[in-house]
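Peer 1: turn this into a model:
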Amino acid sequence: MDGYFVENLTIGPAVVKSIRPITKRIFDVHLMVQEPGIWVDKFSEAGADIITFHLEASRDPIDILKHTHSLRCKAGIAINPGTSIDLVEPFLTKIDLLLLMTVNPGFGGQRFIKGTLPKIRKAREMIDSCHHPIFLEVDGGVDLKTAHWLKDAGVDVLVSGSTIFKSKNYEDIIEKLRKA
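Peer 2: Predicted structure coming up:
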């Protein structure tokens, strides 16, 4: 988050670079920034495996996708709750991940927008129809209740922040989310 596309500021490439040596886990970077193209090299060099940017913030999505892939990173597109899912259709064969926000981006702890479920189902249908391997990821308001809805709607990857960090036992809540 850059303080422009969304009000908040968060983790930058220096943090990714500092923790990359201690784990081989996938680093899935979600750029909530006004100029995503200028951050792709920095996060790739820091050790990102997947770089996702907001369609609403990009002037040339194809260029960003090609550049991300040229750096041997997987590339994703994210859209906000108010953005039509139809806008991602031209990019489906060029992405590895589609991230649907189920809250308005920028601040943790928001409630899941239930009205995004039809969009999620449509995204799953679009992905399945294009016959190109794409992970469907959802971020926002993911808890034990919404995780069931999301898995039923065809989501592959759940991003959960507040539910995990407010828990007294991270391992327990993560395991419960996985089983949801």
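Peer 1: tell me the SS of the most centrally placed residue in the chain?
Peer 2: With distances taken as C-alpha atoms, centre = their mean, the residue of the chain nearest its centroid is Leu99 (4.2 Å). Classification of Leu99 using DSSP: H, G, I helix; E, B strand; the rest coil returns strand.
Peer 1: excluding its backbone neighbours, what's nearest it?
Peer 2: Leaving aside its sequence neighbours, Leu99 sits nearest to Ala78 (C-beta to C-beta, 6 or more residues apart in numbering; 3.9 Å). (Each C-beta comes from the backbone N, C-alpha and C, glycine too.)
Peer 1: is it true that that neighbour touches Thr102?
Peer 2: No - Ala78 is beyond contact range of Thr102, at 11.2 Å (criterion: C-beta atoms under 8 Å).
Peer 1: show me which of these two is the more surrounded one.
Peer 2: Taking other C-beta atoms under 10 Å, Ala78 and Thr102 do not tie; Thr102 has more neighbours (27 against 24).
Peer 1: ramachandran coordinates for the more buried one?
Peer 2: Backbone geometry at Thr102, expressed as degrees, to the nearest 10, gives phi -110, psi 20.
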